[in-house]
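**Q** quick one, fold the following:
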Amino acid sequence: MRQKIGLVQQEPALFSTTIYENIKYGNEEATEIEIMEAANAHGFISRMPEGYQTDVGDRRVQLSGGRKQRVAIARAILKNPSILLLDEATNALDTAYEKLVQEALDKLMQGRTTIMVVQRLSTIRDADKIAVLQHGKVAEIGTLVAMINLSEKLIAFASN
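**A** Next up is the predicted model:
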C-alpha cells in the first residue's frame, strides 16, 4: 500500500544527500530528464552551487521551505502514486512559484485520488469535494461554490 501513496508535507523531510538523489528517491528508475522536468524545479536547482549535485541537509546548503517543498513535490511526481496526500504542499511558496508548482500538481492529480489539507482557496479551486473541519470534526462537505455561498450567507446572517 505504501508504494501507492505519495506524500508532500508542509515541512518535507529531505535526506542528507544531493538534490538529485532526494528527487530520484521517488522513482529509482527515473531518467535524468524526468528528474530535471519534475515539478518545474529545474530553474532554482540549476542556480544552486553545484546544481543537482548540491548537497542538502546538516552542515550543507540549507534550502528554504519553498525549495524543500518543490523537491518533495518533484519526488512525488516521479513516484507517480495512485493516492496523493498533500499537507499544505504549496504553503511555503510565493505566488509565482505556487503557480508553477500548482500546474505540475494539477497534472499529477489527474486520474488519481488526492487528499489535500489547505488554507488557501486557490489551491482547491478544482476540487470535486471539500470537507471543512471545525474543532476536529467535519462541519460541511460540498464544492468550492457551495462553500463560498455558505460563507456569504453566514456573513450576511452575522451582519443582520
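
**Q** the helices in the protein, which residues?
**A** For the chain, the helices defined by DSSP state H occupy 19-24, 32-37, 42-46, 65-79, 95-109, 144-159.

**Q** now the second one: buried residues?
**A** With burial defined by 16 or more other C-beta atoms under 10 Å, the residues of helix 32-37 counted as buried are 34-37. Bear in mind the C-beta positions are built from the backbone N, C-alpha and C, glycine included.

**Q** with just CA atoms, put that helix into CSV.
**A** The C-alpha trace of helix 32-37 is given here as CSV (Å, rounded to 0.1, in the frame of the first residue of the first chain):
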residue,chain,number,x,y,z
GLU,A,32,17.9,12.4,-15.7
ILE,A,33,15.5,14.2,-18.0
GLU,A,34,12.5,13.1,-15.9
ILE,A,35,14.2,14.3,-12.8
MET,A,36,15.0,17.6,-14.3
GLU,A,37,11.4,18.2,-15.5
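
**Q** need the contact partners of that helix.
**A** 20, 23-24, 27, 42, 45, 52, 74, 78 (C-beta atoms under 8 Å, 6 or more residues apart in numbering).

**Q** also the first one?
**A** In this structure, residues lying in contact with helix 19-24 by C-beta under 8 Å, 6+ apart are 14-15, 30, 35, 38, 41, 45, 48, 51-54, 56, 71, 74-75, 78.

**Q** give me the PyMOL select line for these, limited to the buried ones.
**A** Buried subset of those, written as a PyMOL selection, criterion 16+ other C-beta under 10 Å:
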select buried, resi 14+30+35+38+41+45+48+52+54+56+71+74+75+78
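
**Q** how about the closest residue to residue 23 other than its chain neighbours, what does it touch?
**A** Spatial nearest neighbour of residue 23, chain neighbours left out: residue 74 (4.6 Å); criterion: C-beta to C-beta, 6 or more residues apart in numbering. Residue 74 makes contact with 23, 26, 35, 38-39, 41, according to C-beta under 8 Å, 6+ apart.
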